[in-house]
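Participant: sequence first, predicted model second:
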Amino acid sequence: MFPIRALALSLVLAPAPVLAADHVTSPMILEDFGIFCPRESSGQREAPGTERGFIELIEGEVHPDFFGNIVPGTLDISFGIRFMLEPGQGERVVDVVTSHPPMGPTGATEERYDSIVNDFSASISLFTFDDPYEVVLGEWSFAVELDGVEVLRKTFVVVPPDDTLVSPALCRGPSLMM
């Protein structure tokens, strides 16, 4: 079992492909990105520009459990970005935009909501596959717009679950990332 875990860890920690659309410009900082194990929601906030009409809130400092941008298309997996403003920027309102292949009854391809971001703690934007209709394979991206200008974009690729070693089962064992 150990050699399999070591192989899984080395593949998960391998550098992720960088897709052409990825960028980050001043005054935004991309703190981190990756795949996240399930987290308990601390509540919801109305977000009319999203497919469900709300976003789930997560309290505390949340970091990726797995580094990379290749995401297994399976329920109970989240993926996304951690970002913040450069020092001296204070607090600003941004638009967070998630783009994805057509999903849901309307075939939505974009979800948008506003968020407050600052220069002293990272904000997080995640997408969690809660329902089967949300699991759509292909290219997904998270973007942050400040004053109508895109200052950050990170692209992910959702693949069939057997095409990556990351799975919800790994979330139930001991942490692989320290």
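Facilitator: Happy to help now that I have it.
Participant: only the buried residues of stretch 120-129, if you could.
Facilitator: The neighbour-count check on stretch 120-129 (16 or more other C-beta atoms under 10 Å) flags A122, S123, I124, S125, L126, F127, T128, F129 as buried. No exception for glycine: its C-beta is placed from N, CA and C like everyone else's.
Participant: surely the third one meets F79?
Facilitator: What it means is I124. No - counting by C-beta atoms under 8 Å, I124 stays clear of F79, with 11.1 Å between them.
Participant: only alpha carbons, please: show the longest strand belonging to the chain as PDB.
Facilitator: Looking across the chain with DSSP state E, the single longest strand is strand 91-103. Extracted in PDB, the C-alpha atoms of strand 91-103 (Å, rounded to 0.1, in the frame of the first residue of the first chain):
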ATOM      1  CA  GLU A  91     -10.500  46.700   1.300                       C
ATOM      2  CA  ARG A  92     -12.300  46.600  -2.100                       C
ATOM      3  CA  VAL A  93     -15.300  45.000  -3.700                       C
ATOM      4  CA  VAL A  94     -14.600  42.600  -6.500                       C
ATOM      5  CA  ASP A  95     -16.600  40.400  -8.800                       C
ATOM      6  CA  VAL A  96     -15.800  36.700  -8.700                       C
ATOM      7  CA  VAL A  97     -16.600  34.900 -12.000                       C
ATOM      8  CA  THR A  98     -16.700  31.100 -12.400                       C
ATOM      9  CA  SER A  99     -16.900  30.000 -16.100                       C
ATOM     10  CA  HIS A 100     -17.600  26.400 -16.900                       C
ATOM     11  CA  PRO A 101     -19.200  24.100 -19.600                       C
ATOM     12  CA  PRO A 102     -23.000  24.300 -19.900                       C
ATOM     13  CA  MET A 103     -24.700  23.100 -16.700                       C
END
